[in-house]
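# pasting the structure only:
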C-alpha cells in the first residue's frame, strides 16, 4: 500500500482557499447529520483542520498521521485532542471506542 505524506508547511493546509475548497463546515455537518456521535478519529489528520471542526461541534477528537510535524501543528489548534503517529496500517488508538472515523483527504468527497 502506498501512503502519501504531505511534506509542505502546515500553514498551506489551512489557507483560506483550501478551507473553502474542502467545504469544511458542509462536510463536517454532513458527517454528523442525523447522528449522535460523541467522538471522531481523523485518519491522516494533517494540521488537524477536520479535527478542529469536529471539536468545535462538541465531539471528542483523536487523530493519527504519519508526519510528526503535522501532529505538532494539529496539537496547537486542538490541544485537548489526542494525536498520535500512525506507523502502519490499522495502528489507530488503543483503548478507545470510536464511532466515527474520518479519512482526512477523503472526507471532502462526501455527497
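Structure received. All of these numbers come straight from a predicted model, not from anything done at the bench.

# And the helices in the protein?
16-22, 24-32, 49-56, 68-77 (DSSP state H).

# buried sites along the second one?
Neighbour-count burial for helix 24-32, with 16 or more other C-beta atoms under 10 Å as criterion, is recorded at 24, 27-28, 31-32. To be clear about C-beta, it is placed using only N, CA and C from the backbone, and glycine gets the same treatment.

# again, but for the shortest one
By neighbour count, with 16+ other C-beta under 10 Å as the criterion, the buried positions of helix 16-22 are residue 22.

# where in this structure is pLDDT low?
Scanning the chain for pLDDT under 70 picks out 1-8, 87-111.

# hmm, back to that, and residue 86, which of the helices of the chain is closest to it?
Smallest distance to residue 86 across the helices of the chain (C-beta to C-beta): 9.6 Å, for helix 68-77.
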